[in-house]
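Q: Structural data only, the sequence is not supplied:
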């Protein structure tokens, strides 16, 4: 009789421990990181994004999210996910040249999938080392050609892929058994970047774009609730940079600046211009540009302001030009007719600031904070998953930890 009693107690204890383990696993937090490309810091106050307003009341909103220089899409998405400034993670612009090999990086799939361009460690790589499954429904760098450097699940970028299909894909990942379900998921929308480029920041088309992406966040949040995961999901919505209006009346003609006697290579020109020339010509060309410095700044590579944390990358050319906010570089006075707004300017310019919203069990409620820096997102993600960040990152958890519940 005594043996039966002991056996019964042992079975109860084992069942309790098993149930506890299952319950603990089912309660593990999930993080969904959503990027709204080009969503400027002040767009949420226009009245076209009720879901973001709701998240603001339920969670955290920063005054702005400061990008890294240059305030472009690929450099900043990769800074967000690595905690590194562009001169360290290697993606120094949306288009640049390796002067040694002649290879170019651009936004074409054949280039963005080449792992050789990406230095540092993306958060999905860090998480995978700790056995955390990750997924990306479009994120710059997530479709690298090395399997071990990609998220466990990823989608190759298709610009025309319907937004509802993207959200549905995330929901399908959340329906997977817990052992297969990714606990860190990224999702990307280009809408507000594309609409501002084409129609300007004060256009009805952009305002419609704000409403569109806001409705996608509402759809995602509704799907999370339907799955009963609201108490597990930490939802972060941010943007990579802001946007400034441009016009054909605010142009800087590179042909006039450079003159006819010099034949330098000029690339990545618009809001900034990279100029490569023979070493013997650098001084003469720099002097000419410096004497005509108006509505832009000119730097020799070794003179680039330390604040940009940019000049130490080996692929940077000898001369860098940076336009003032709202101005653009052109050649032969030719402006792009389908571009009414741009980004890439000084990362401290107010127009270049993005957004940061967050809600979930880890975040404070109805909490407003001042400007955050996007390189601090990586250590924040590590904190949410209680894993160690790399020790060589530029981000600092102490700058952002105040958004979390104590």
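A: On my side now, so go ahead. Since the structure is predicted, the reported quantities are computational estimates derived from the model, not experimental observations.
Q: Helix, strand, or coil at the nearest residue in space to residue 362 that is not next to it in sequence?
A: The spatial neighbour of residue 362 that comes closest, neighbours along the chain excluded (Cβ to Cβ, 6 or more residues apart in numbering), is residue 234 at 4.9 Å. No exception for glycine: its C-beta is placed from N, CA and C like everyone else's. State at residue 234, reduced to three classes by DSSP: H, G, I helix; E, B strand; the rest coil: strand.
Q: wait, what's in contact with residue 234?
A: 29, 30, 31, 32, 358, 359, 360, 361, 362, 363, 384 (Cβ atoms under 8 Å, 6 or more residues apart in numbering).
Q: Enumerate every residue touching the fifth one.
A: When you say that, I think you mean residue 358. 55, 59, 60, 234, 235, 236, 237, 403.
Q: returning to what we had before: emit the PyMOL select command for whichever of the contacts of residue 234 are buried.
A: Selection command for PyMOL covering only the buried members of the contacts of residue 234, criterion 16 or more other Cβ atoms under 10 Å:
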select buried, resi 29+30+31+32+358+359+360+362+363+384
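Q: Sort out for me which of the contacts of residue 234 are in helices.
A: Under the assignment DSSP state H, the contacts of residue 234 contribute residue 384 to helices.
Q: Lowest pLDDT pick from the contacts of residue 234?
A: Ranked by pLDDT, these bottom out at residue 29 (94).
Q: Please enumerate the helices of the stretch 201-350 of the chain.
A: Taking DSSP state H, counting those that start in this stretch, the helices of the stretch 201-350 of the chain run over residues 204-226, 254-258, 279-291.
Q: go on, the stretch 1-150 of the chain?
A: Going by DSSP H, counting those that start in this stretch, the stretch 1-150 of the chain shows helices at 2-26, 50-58, 73-82, 86-89, 109-112, 123-129.
Q: name the helices or strands packed onto the third one?
A: Other elements packing on helix 73-82 under the criterion 3 or more Cβ pairs under 8 Å, 6 or more residues apart in numbering; DSSP states H and E are helix 86-89, helix 123-129, helix 377-384.
Q: want to throw the ones you listed into JSON lines with distance to residue 297?
A: Listed next are the helices and strands packed on helix 73-82 as JSON lines, based on distance: least, Cβ to Cβ, whole Å:
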{"stretch": "helix 86-89", "distance to residue 297": "18"}
{"stretch": "helix 123-129", "distance to residue 297": "33"}
{"stretch": "helix 377-384", "distance to residue 297": "28"}
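Q: Okay, now the unreliable bits of this protein?
A: 1-27, 260-262, 336-337 (pLDDT under 70).
Q: So for it, the centremost residue is which one?
A: residue 77 (2.5 Å; Cα atoms, centre = their mean).
Q: Verify the contact between that one and residue 142 for me.
A: No - shown here, residue 77 and residue 142 do not form a contact pair, counting by Cβ atoms under 8 Å, at 9.3 Å.
Q: for the residue nearest to residue 347 when sequence neighbours are not counted, what are its contacts?
A: Spatial nearest neighbour of residue 347, excluding adjacent residues (Cβ to Cβ, 6+ apart): residue 69 at 4.3 Å. Contact analysis of residue 69 by Cβ under 8 Å, 6+ apart lists 86, 307, 308, 309, 310, 346, 347.
Q: What subset of those residues is buried?
A: 86, 308, 309, 310, 346, 347.
Q: Could you find the closest non-adjacent residue to the second one?
A: Put plainly, it is residue 308. Per Cβ to Cβ, 6+ apart, closest to residue 308 is residue 69, 4.2 Å.
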